[in-house]
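Asker: I would like to see how this sequence folds:
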Amino acid sequence: MTLRPRIGIEIGPHRLRAVRLRGGRRGRVDCMEAEWSSAAPAETVAALRERFGTGSLLAVSVDIAALHVKRVPLPPLPLEERRRMLTIDPERYFPIRDEELVVAVRDDDLVFAARAEQFDRWTDALGTLGAVERVEPAPIALARHLARAGVTDGIVVMAHPGDRECAVTHLAQGRVRTARRIQNSAGEIAAAARAIDGALRAVYLYPWRDELAEALTGALGEARLERVVVPDGLTEPFTCALGTALGIDDGPETVFVSASLARRQNARRRRRSIGAVTTLAAAGILLFTSYGASRSRVLRSLDERITERRAAAAEVQALQEKLAGLQRELGTLDRVESDRVDPLAVLLALTRTLPSDAYLRTVHNAGDQWELDGYARDAARLIPVLEDTSVFGDVRFRTATTRVRLGDENYENFSLALRYLPAP
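Answerer: Below is the predicted model of the structure:
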């Protein structure tokens, strides 16, 4: 059976680098670099199709400039549950507003997040080139290449020339332990590297730039500044894309999967499973139609095919079970969403109820409990005003009020707690 070509793609702020592997990991390698616009990727993808054709398996790595990176402590739940917790309320964890995110999580709470709208635009465009099997952060892809080259520990600086931002990551035992997005300058890079590991021993610069290496040599002190190992037949800027291609069959950890991409991937798996089942059925038909002089030969052939196809048939059953699990999870999400209090409704009720001389500084929510901090001319009269409504109850001061001077006016500093009781 001929292996389908594999293409690893690294997406940067302004450039796209692609590596195609044909004939397995040791086969022929083709490379391509092109201008890239995240807002209009169709032109670049068309150039890739012209160069590589269609029908390949794709693995994509995203430059850290397009990602949020954060360590978020999460309960020890399955991978999909932790990913769902982050995407249900992304504003709680990341500095965004009114945006949906696609997240990649790991068991050590390191989280990467990308804008869902931008992510789907990329994967939809790349889907015309081939099957998008994997999308991951670029530091993970480069760490995979380094581990295969024998580099498992150290600081890795991903600083492409012309990019405003770069990534500084810490490798330990072949695994990315931390990742930071900083300005692409020698001073910022040196400070970030020392913040990660004060006893620097080895710093790997990717790609190598003589002027940046010279500036970092003085700033990093005794640390060794080294090049990233480049395989034969490849140039240095394509090593990250190569690491992406080599990880196309790796597990689901630290992988971005949006709802749209998941649907396409599941559809492909179903088609493969249906094809396997169809082949199995055809083998059964062949058993009966070929019964006769060649009975023994056909039976032997069918036994071999049935053995090969049992694993594929088992995948169909696994997909059915997974679909049932997804339906249960969707029901849970619907219930969570229906029970969730709309914060805009609470803010609207507070705006309509509070006197005009009362000002809020902060509003904090925990379930149906709300905490308000602010200033008012007469803080004591806020409690009867709020309790006189039909939507607020259990109003009480959290701390004693204090008088403050704001401009030429006297105000009282208050901190209230109350419950929001919306109409059924």
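
Asker: For T307, see how far away R300 is.
Answerer: Applying Cβ to Cβ, to the nearest Å, the value for R300 to T307 is 11 Å. To be clear about C-beta, it is placed using only N, CA and C from the backbone, and glycine gets the same treatment.

Asker: and what of V229?
Answerer: Counting by Cβ to Cβ, the gap from V229 to T307 is 42 Å.

Asker: cool, D373 as well?
Answerer: From D373 over to T307 the distance is 69 Å, taken as Cβ to Cβ.

Asker: Please identify which of the two sits among more neighbours.
Answerer: D373 (15 against 9; other Cβ atoms under 10 Å).

Asker: quick one, what contacts that one?
Answerer: The neighbourhood of D373, defined by Cβ atoms under 8 Å, 6 or more residues apart in numbering, consists of L360, R361, T362, N413, F414, S415, L416.

Asker: Now do stretch 60-76: distance from first to last residue.
Answerer: 28 Å (Cα to Cα, to the nearest Å).

Asker: mind checking how far that stretch is from the chain centre?
Answerer: 6 Å (Cα atoms, centre = their mean, to the nearest Å).

Asker: likewise stretch 217-225?
Answerer: With Cα atoms, centre = their mean, you get 33 Å for stretch 217-225.

Asker: Now do the end-to-end distance for that stretch.
Answerer: First-to-last residue span, stretch 217-225, Cα to Cα: 7 Å.

Asker: swap in stretch 195-212?
Answerer: OK, stretch 195-212 end separation, Cα to Cα: 19 Å.

Asker: Would you mark the buried spots in it?
Answerer: Within stretch 195-212, the residues that count as buried by 16 or more other Cβ atoms under 10 Å are I196, D197, L200, V203, Y204, L205, Y206, P207, W208, L212.

Asker: Give the helix, strand or coil label for the last one.
Answerer: If I follow you right, that is L212. Assigned state for L212: helix (three-state reduction, DSSP: H, G, I helix; E, B strand; the rest coil).

Asker: Report the separation between it and H160.
Answerer: Taken as Cβ to Cβ, the span from L212 to H160 is 11 Å.

Asker: So which of the contacts of D373 are in strands?
Answerer: L360, R361, T362, N413, F414, S415, L416 (DSSP state E).

Asker: Buried among those? Make that a PyMOL selection.
Answerer: Applying 16+ other Cβ under 10 Å to those, the buried members can be selected in PyMOL as follows:
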select buried, resi 360+413+414+415+416
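
Asker: TSV for the ones in strands among the contacts of D373, including distance to R381 and pLDDT?
Answerer: Converted to TSV, those look like this (distance: Cβ to Cβ, whole Å; pLDDT from 0 to 100):
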residue	distance to R381	pLDDT
L360	16	89
R361	19	89
T362	21	91
N413	15	90
F414	11	90
S415	16	91
L416	12	89
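
Asker: Just the closest of the ones in strands among the contacts of D373 to R377, please.
Answerer: For the ones in strands among the contacts of D373, the residue nearest R377 by Cβ to Cβ is F414; the value is 10.8 Å.

Asker: L126 and S56 touch, don't they?
Answerer: No - judged on Cβ atoms under 8 Å, L126 makes no contact with S56 at a distance of 10.3 Å.

Asker: Setting the sequence-adjacent residues aside, check what's closest to R270.
Answerer: Excluding its sequence neighbours, the residue lying closest to R270 (Cβ to Cβ, 6 or more residues apart in numbering) is L319, at 6.2 Å.

Asker: Pull the number of nearby residues for the one you found.
Answerer: 15.

Asker: Phi, psi for it please.
Answerer: The phi/psi pair for L319 (degrees, to the nearest 10) reads phi -70, psi -40.

Asker: pretty sure it contacts R269?
Answerer: Yes - at 6.2 Å, L319 counts as touching R269 under the criterion of Cβ under 8 Å.

Asker: which intervals of the stretch 1-150 of the chain have sub-threshold pLDDT?
Answerer: Scanning the stretch 1-150 of the chain for pLDDT under 70 picks out the ranges 1-2, 23-27.

Asker: Strands along that one, start to end?
Answerer: 6-11, 15-22, 28-35, 56-62, 68-71, 101-105, 110-115, 130-137 (DSSP state E, counting those that start in this stretch).

Asker: can you list those strands in TSV and add mean neighbour count and distance to E43?
Answerer: Compiled in TSV, the strands of the stretch 1-150 of the chain are given as follows (neighbours: other Cβ atoms under 10 Å; distance: least, Cβ to Cβ, whole Å):
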stretch	mean neighbour count	distance to E43
strand 6-11	27	14
strand 15-22	23	11
strand 28-35	15	8
strand 56-62	25	17
strand 68-71	16	27
strand 101-105	25	23
strand 110-115	22	21
strand 130-137	22	18
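
Asker: Go through these and name the closest to E165.
Answerer: strand 68-71 (11.3 Å).

Asker: partners of that closest one, with directions?
Answerer: Neighbouring strands of strand 68-71 in its sheet, by DSSP bridges, are strand 110-115 (antiparallel).

Asker: by how many degrees do the strand it pairs with and strand 130-137 diverge?
Answerer: 130 degrees (axes from the mean of the first three to the mean of the last three Cα atoms, to 10 degrees).

Asker: Share the number of residues neighbouring the residue lying closest to P422 once chain neighbours are set aside, please.
Answerer: Leaving aside its sequence neighbours, P422 sits nearest to V391 (Cβ to Cβ, 6+ apart; 5.9 Å). By other Cβ under 10 Å, 18 other residues sit near V391.

Asker: OK, contacts around V391?
Answerer: For V391, the contacting residues are A349, Y420, L421, P422, A423, by Cβ under 8 Å, 6+ apart.

Asker: could you redo the last one with a cut-off of 6 Å?
Answerer: A349, L421, P422 (Cβ atoms under 6 Å, 6 or more residues apart in numbering).

Asker: Name the nearest of the residues you listed relative to V168.
Answerer: A349 (46.1 Å).

Asker: Can you report how many residues neighbour the closest one?
Answerer: Neighbours of A349 (other Cβ under 10 Å): 17.

Asker: check contacts around it.
Answerer: V391.

Asker: Can I take it that it is in a helix?
Answerer: Yes - judged by three-state DSSP, A349 forms part of a helix.

Asker: Tell me the spacing between it and L319.
Answerer: Distance from A349 to L319, by Cβ to Cβ: 47 Å.

Asker: for R310, same thing?
Answerer: R310 sits 15 Å away from L319, taking Cβ to Cβ as the criterion.
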